[in-house]
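S.K.: Can you look at this prediction? I've put the sequence above it.
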Amino acid sequence: MRRGDRSGGLDGVLVVAKPSGPTSHDVVGLVRRLSQTRRVGHGGTLDPFAAGVLPVFLGRATRLVEYHLGASKRYRATICFGESSTTDDIDGQRTPVDGPAVTRDAVEAGMRAFTGPIRQVPPDYSAVQIEGRRAYQMARAGQPVELAPRDVVIHDFTLLEWDDSDPARPVAVSDVACSAGTYVRALARDLGASLGSGAYLGALVRTASGGFTLDDAIGFEALRDGAMGGQEGFASLLRPVDAGLEDLPHAAITWDEIRRLGEGLPTGPKTPLEVRDADLVLAVGPDGRVAAVCKAVGGLLHPHKVLVDRPAIDGRPVSTRTAAGAEED
């Protein structure tokens, strides 16, 4: 067992290539079983019909998930025109929409119009909560769903392929780069409406989540193969707990400084910080592993989250108490 995860398992980041079908929760359950690790979480839900990059965090790395949730995403989205869908994707009940034939030029112009900051209303069949209930629960019960629009940013919306072999129902394959919180289903729906037609997602693949890309993602078969070698075999598939956060400032600290941070006290690392003031600094212990998430103020590190689990330093355990207001395990 690798030190640092008192749940009795591994810690690190796993970039999974989720297939269409399983939920993100299903993937977490599979990783939990194969890795024999209790603390497992994912870094951004993918709809069951969607495939692609799903970052999964194990052990101590689950303490860093919140710093990944705001990362931008990139998708390959297949948009089908000429019909609307109750769920805004291929799994819903579809209805033909009378309107002008949608052309490639019109679609490309529409994509440009939707690039930049936009407001979008989430799909009725989404996990957004309304007075304690999920929107999709209300929609399935036939109850009216009224969702507030949200501000998102579409960084790039580009046509990759165009198929108008059925002029009444053309299909576009697009590349979408967007901010966190964007519903690509809603983007397809609204694009169709802007062209006087209906539209829904026929397929969706997340090709990147922050710095994690589909090229580096691991499929289910590889996960099971790794698990054949026990925890050590599965550990070979993991990235360090700070994977995807390499651009944040890192600070080397000693065991004594880890002890101070664990007691909720600020510390000045012997190696001067490259950035004297920063909202987020990852403090790295002598073993090369991230020991704490800190805020730098005037060259001092103030603890926000201490990740180490009572390592013995000169026979004295480090307190796992965090600074006031910091998150506990």
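M.R.: Thanks, I have it.
S.K.: Surely Ala71 touches Gly210?
M.R.: Yes. Using Cβ atoms under 8 Å as the test, Ala71 is close enough to Gly210 to be in contact (3.1 Å). In this view, the C-beta of every residue, glycine as well, is placed from N, C-alpha and C.
S.K.: Between those two, which has more neighbouring residues?
M.R.: Per other Cβ atoms under 10 Å, whichever of Ala71 and Gly210 has more neighbours is Gly210, with 22 against 18.
S.K.: got any residues that touch both of Ala71 and Gly210?
M.R.: Counting by Cβ atoms under 8 Å, 6 or more residues apart in numbering, the common neighbours of Ala71 and Gly210 are Gly43, Gly244.
S.K.: ok, now which ones touch Cys80?
M.R.: Ile90, Arg169, Val171, Ala199, Tyr200, Leu201, Gly202.
S.K.: same thing but 10 Å
M.R.: For Cys80, the contacting residues are 89-90, 94, 163, 166, 169-172, 188, 192, 198-203, by Cβ atoms under 10 Å, 6 or more residues apart in numbering.
S.K.: In helices, which of those appear?
M.R.: Counted as lying in helices by DSSP state H, out of those, are Ala188, Gly192.
S.K.: Buried ones among the contacts of Cys80?
M.R.: With neighbours counted by 16 or more other Cβ atoms under 10 Å, the contacts of Cys80 contain buried members at 89-90, 94, 169-172, 188, 192, 198-203.
S.K.: Now, those that are in strands?
M.R.: Under the assignment DSSP state E, those contribute Arg94, Val171, Ala172, Ala199, Tyr200, Leu201, Gly202, Ala203 to strands.
S.K.: Just name the closest of the buried ones among the contacts of Cys80 to Ala139, please.
M.R.: Nearest to Ala139 among the buried ones among the contacts of Cys80: Asp89, at 13.1 Å, using Cβ to Cβ.
S.K.: about what we covered before: which of the ones in strands among the buried ones among the contacts of Cys80 lies at the shortest distance from Leu261?
M.R.: Looking across these and measuring by Cβ to Cβ, the closest to Leu261 is Leu201, at 45.7 Å.
S.K.: Quick one: residues contacting the closest residue to the closest one other than its chain neighbours.
M.R.: Closest residue to Leu201 apart from its sequence neighbours, by Cβ to Cβ, 6 or more residues apart in numbering: Asp89 at 4.3 Å. By Cβ under 10 Å, 6+ apart, Asp89 lies in contact with 47-50, 80, 123, 125, 184-185, 188-189, 200-204.
S.K.: Next: Val293.
M.R.: 63-64, 66-67, 242, 245, 248, 261, 280-283, 301, 303-307, 322, 326-327.
S.K.: same deal with Ala141?
M.R.: Going by Cβ under 10 Å, 6+ apart, Ala141 touches Arg133.
S.K.: Distance check, the closest residue to Gln120 other than its chain neighbours against Ser85.
M.R.: Excluding its sequence neighbours, the residue lying closest to Gln120 (Cβ to Cβ, 6+ apart) is Ala186, at 4.6 Å. Per Cβ to Cβ, to the nearest Å, Ala186 is found 12 Å from Ser85.
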